[in-house]
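>>> For reference, the sequence and a predicted model appear below.
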Amino acid sequence: MRTLPKALTPYKLFIKNICRHFTNQLETAKAFADGKQVDLHMIKTGFDPHIYRTNQLIDTFVKSKNLVEARQVFDRMPKRNKFSWNLMVTGYVKCGYMKDARQLFDKMTERDTVSWTMMIGGYAQIGESQEALKLFCQMQQMGANPDRVTFAGVLGACSYFPTSRDCKQVHAHVIKTGHASSLLVQNTLVDTYAKCEDIELARQVFDKMPARDGVSFNAMIAGYARHDYCEDALGLYSQLEMTGIRPTQFTFAGVLSACAGLSYLEQGRQFHGTSIHSGFELNVFVGNALMDMYVKCNSIEDARKLFDTMPERDEVSWNVMVTGYLWDGQVDESLILFQQLQRISFDFSQFAFSSILSACVSLQACEQGKQLHALVIRAGVESNGVVGNALIDMYAKCASIEDAYQMFDKMPNRNPISWTAIITGYSQAGCGEGALDLFSQMQRTDVKPDQATFASVLRACASLAALEQGKQIHDYMIKTGCESSIFSGSALLDMYAKCGSIDDANKVFGVMPERNLVSWNAMISAYAQNGHGMEALQLFEQMLQEGTKPDHVSLICVLAACSHTGLVNEGRSYFDCMTKDYCITPRAEHYSCMVDLLARAGHLNDAENLINNIPLEPDARMWMALLGACRTYGNIELGEHAAKRLIELEPEDAAPYVVMSNIYAAAGKWDDAARIKKLMKDRGVKKEPGYSWIEVNNRSYAFVADDSSHAQTEEIYATLEKLAEQMKIAGYVPDTNFDLHDVEQEKKEHFLCHHSEKLALAFGLINTPPGTPLRVVKNLRACGDCHNAIKFISKIVGRKIVIRDANRFHHFKNGICSCRDYW
């Protein structure tokens, strides 16, 4: 909701400069026409007064945005020069008709720097960065020389990319062609590097500038504020004051955003006073920035006072105030403002519904979101792409996936954001197959997926462990050039890790041209989840050596790696140095990891002591980790205590009941186990059914225990019986402690043989060629007998088998599991 300017520097200055550049050429022509040497010049240059006068007429129509009349005059011209073509292209670009501009541009037989520059800048303005860069390359191939305005346009296009790679390449070309000293280019470089999250390079360019103006400072201050370097933004404002350069409305927007980021209410009030002394008391742009600051500093009353006294309000003013009330939890006040808007006949077509809908999502205020939808319909803006996308996102994140799809289905024009919103909604709702199906539909349209789309569909593949489909999407990313970005590269890495293909994850990480903290964390987590604890710790140390500072997620990954591999001393050491070495205050997630680390290693008393002495309120994750370990080590007394606390925290969760019942059953306390089950029934608590699924030929097949619904049921059970015989010969003995039915031994063995993961494995063995690795996902923790049995199966069938359960990955090969039976 920050009201920072959307980069005044590259875009508005770009248009201003290109128009001035073009006008200068027309005025030069006019001077020749009026001069005494006009006849001689006409002979030498081919100057045609008729074309000149017609061009002036076209220019008049273009400036009044009457493109129909301009085009009619243009089409009737018996003869045109490059000014004629440039004028018409300029008109289309400035009015946003890029398709028409491109058609005309492609017909030009003679193009100059102005022609190329206008098209590049036009594509940059509408966010089609790839097309802008493509034209820039073509321009050079055709022998046209870019000028400073061209570079401003192409650098503006680079600002839409998530990394600074393309900006660096253009920057090198700027230096090579001698335009590095241009103030316009330098300002645009600062702005673009900042938007590409390379704030250090932006500052380097800023510091090396021989001369700076207000635009230079505004771009740097805005960059700092945008990326939460708020102290630096305020420090730079102090430098601006010392230069004597007068602050502008954009300066105040930047520093007020910085105050909001730091919750510096008093300093924000000081800037309020300064803005009044600087003559911006009546400026609506500054007023909106001030309101935004007050809202984010939790001073909604000050925001409302300012709102009520503003002599002029625009759609942003109302948007900030309405959203501010929502953020403050004052939903009724927000709706009252809506009613006021309706009474004053406000033009809702200009209202920023998308911001309010986003606030509804964050607050889970779904009913208010639906009321907003009704207002959207009344305002006649439901077909607006931005609003429609926000509605899809709101419904999807409020778990109304059907409403989200209905909104998506009736959209007249869908762009990559629309498709990404609905694919993300399906993926987050646990409908991974639906997300993949939607992605297939998208591929059959003219809409090209972007990095966010790929990230969403890769998450769907990860949730299903659909490795083969993930690989196909990886190939598609390579073809579209999206593989190399940090954003989609990290999603790709995560997909391979969650599909249990750690080697592929490592390859993606190894070829990433740039890595950020998200990339490092994803790879450390991949090692941790797949049982490679030492490799995870080594990678963490490498990250530190390369100068990347860890965050709280990094330490969660490290502690999880220690927990999964029994590295108790190492885990204690990393936990102890969090605050001292990395300035990270432990959160509940870190304490949960430590409890799990200690409890899993059998240090149950230490784990309980940690829970009892942490400076936070112990949450369900900590007690669940302790309860799970009590089951492993048969500690009934401590298990009862942990289960009691869990039931108090989450009375509707079946897990503590089930685990405690299992502890009793394993100890032969069948009456206690039955009592727990009755308690569950009496309280209406339902156990989540266990199921497993496997991907075969790009389809996922799910199984439950004793499943008989599959078309190949007889073949599946016959395969399991054959395997059981081979396993017994190899020395396998069913561990009936993991069957918790109060029945005779033979029945227990029967139940164990038909667990869902074994059925899925049998199906995979039947339907894939010999030697093919098998990957099975289970929604619950795999039982100890299945773990032991799969070790035998992997050796008998000569295949690699990967099991992903609720806690981690198990890689089975030649009778050995990657967890080394520590899980």
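Okay, I see it.
>>> any idea of the mean pLDDT for stretch 575-585?
For stretch 575-585, the per-residue pLDDT values average out at 91.
>>> burial measure for Trp518, as a count.
Heads up, residue 518 is Val, not Trp. Using other C-beta atoms under 10 Å, Val518 has 17 other residues around it. All C-beta atoms are positioned from the backbone trio N, CA, C, and that covers glycine.
>>> how near is it to Lys176?
Using C-beta to C-beta, to the nearest Å, we find Val518 at a distance of 33 Å from Lys176.
>>> and Phe812, that's in a strand?
Yes: the assignment for Phe812 is a strand, going by DSSP: H, G, I helix; E, B strand; the rest coil.
>>> quick one: the strands in the protein?
691-696, 699-704, 774-778, 801-804, 809-813, 816-817 (DSSP state E).
>>> Which of the ones you listed sits closest to Gln538?
Across the strands of the chain, Gln538 has its closest neighbour in strand 809-813 (18.7 Å, C-beta to C-beta).
>>> Just want the angle from that closest one to strand 774-778.
Taking axes from the mean of the first three to the mean of the last three C-alpha atoms, to 10 degrees, one finds that strand 809-813 is oriented at 150 degrees with respect to strand 774-778.
>>> Please verify my assumption that Glu589 contacts His552.
Yes: contact criterion C-beta atoms under 8 Å: Glu589 and His552 qualify, at 7.4 Å.
>>> Compare the two and say which one has the larger neighbour count.
Neighbour count, other C-beta under 10 Å: between Glu589 and His552, Glu589 has more, with 17 against 14.
>>> Need the nearest residue in space to that one, chain neighbours excluded.
Take Glu589 and drop its neighbours on the chain: the residue closest to it by C-beta to C-beta, 6 or more residues apart in numbering is Ile556, 5.2 Å away.
>>> What separation do you get for the one you found and Gln428?
Taking C-beta to C-beta as the measure, Ile556 falls 21 Å from Gln428.
>>> And for Arg76?
The spacing between Arg76 and Gln428, counted by C-beta to C-beta, is 57 Å.
>>> higher neighbour count, the two?
The neighbour count for Arg76 versus Gln428, taken as other C-beta under 10 Å, is higher for Gln428 (18 against 8).
>>> what's the pLDDT at the more buried one?
The predicted structure scores Gln428 at 86 on the pLDDT scale.
>>> pretty sure it is in contact with Lys397, am I right?
Yes: with contact defined as C-beta under 8 Å, Gln428 reaches Lys397; the gap is 7.1 Å.
>>> residue contacts, Cys817?
By C-beta atoms under 8 Å, 6 or more residues apart in numbering, the contact list for Cys817 reads His787, Ile790, Lys791, His810, His811.
>>> what pLDDT does the nearest residue to the last one once chain neighbours are set aside get?
This means His811. Here the nearest residue to His811 in space, its sequence neighbours aside, is Ser818; by C-beta to C-beta, 6+ apart that works out to 3.9 Å. At Ser818, the pLDDT value in this model is 87.
>>> quick one: contacts for Ser818?
Contacts for Ser818 were tallied using C-beta under 8 Å, 6+ apart; they are Asn530, Gly531, His532, Phe809, His810, His811, Phe812.
>>> now it: how far from Ala561?
Noted for Ser818: a distance of 13 Å to Ala561, by C-beta to C-beta.
>>> Check His552 too.
Here His552 is placed at a distance of 15 Å from Ala561 (C-beta to C-beta).
>>> pLDDT averaged over stretch 680-700 - what is it?
Taken as a whole, stretch 680-700 has a mean pLDDT of 87.
>>> again with stretch 472-485
Averaging the model's pLDDT scores along stretch 472-485 yields 83.
>>> Now it: buried residues?
Using 16 or more other C-beta atoms under 10 Å as the test for burial, stretch 472-485 gives Ile473, His474, Tyr476, Met477, Cys482, Glu483, Ser485.
>>> For Gly324, give its distance to Met242.
For Gly324 relative to Met242 (C-beta to C-beta), the value is 34 Å.
>>> what's the closest of the buried residues of stretch 472-485 to Asp207?
Ranked by distance to Asp207 (C-beta to C-beta), those are led by Ser485 at 27.9 Å.
>>> Could you measure from the closest one over to Gly531?
In this structure, Ser485 and Gly531 are 29 Å apart, going by C-beta to C-beta.
>>> ok, now Phe509?
Applying C-beta to C-beta to Phe509 and Gly531 gives a distance of 17 Å.
>>> Ile502 too?
Between Ile502 and Gly531 the computed distance is 9 Å (C-beta to C-beta).
>>> Need the residues touching each of those two.
Each of His811 lies in contact with both Ile502 and Gly531 under the rule C-beta under 8 Å, 6+ apart.
>>> how many other residues sit next to the residue nearest to Lys669 when sequence neighbours are not counted?
Nearest residue to Lys669, sequence neighbours excluded (C-beta to C-beta, 6+ apart): Ile636, at 7.8 Å. When counting by other C-beta under 10 Å, one arrives at 16 neighbours for Ile636.
>>> one step back: quick one: common contacting residues for Ser818 and Ala561?
Both Ser818 and Ala561 are in contact with His532, where contact means C-beta under 8 Å, 6+ apart.
>>> Go ahead and confirm Thr424 touches Tyr395.
No: between Thr424 and Tyr395 there is no contact, the gap being 11.8 Å when judged by C-beta under 8 Å.
>>> which one of the two has more residues nearby?
More neighbours surround Tyr395 than the other of Thr424 and Tyr395, with 27 against 24 (other C-beta under 10 Å).
>>> need the contact list for the more buried one.
With contacts taken as C-beta under 8 Å, 6+ apart, Tyr395 has the following neighbours: Gly369, Ile401, Asp403, Ala404, Met407, Gly425.
>>> State the pLDDT value of it.
As predicted, Tyr395 sits at a pLDDT of 88.
>>> got any ranges where the stretch 251-400 of the chain has weak pLDDT?
339, 342, 345-352, 355, 359, 362-365, 379 (pLDDT under 70).
>>> now do 90
Along the stretch 251-400 of the chain, the parts satisfying pLDDT under 90 run over 281-282, 312-316, 318-319, 322-391, 393-400.
>>> Cool, thanks, talk later.
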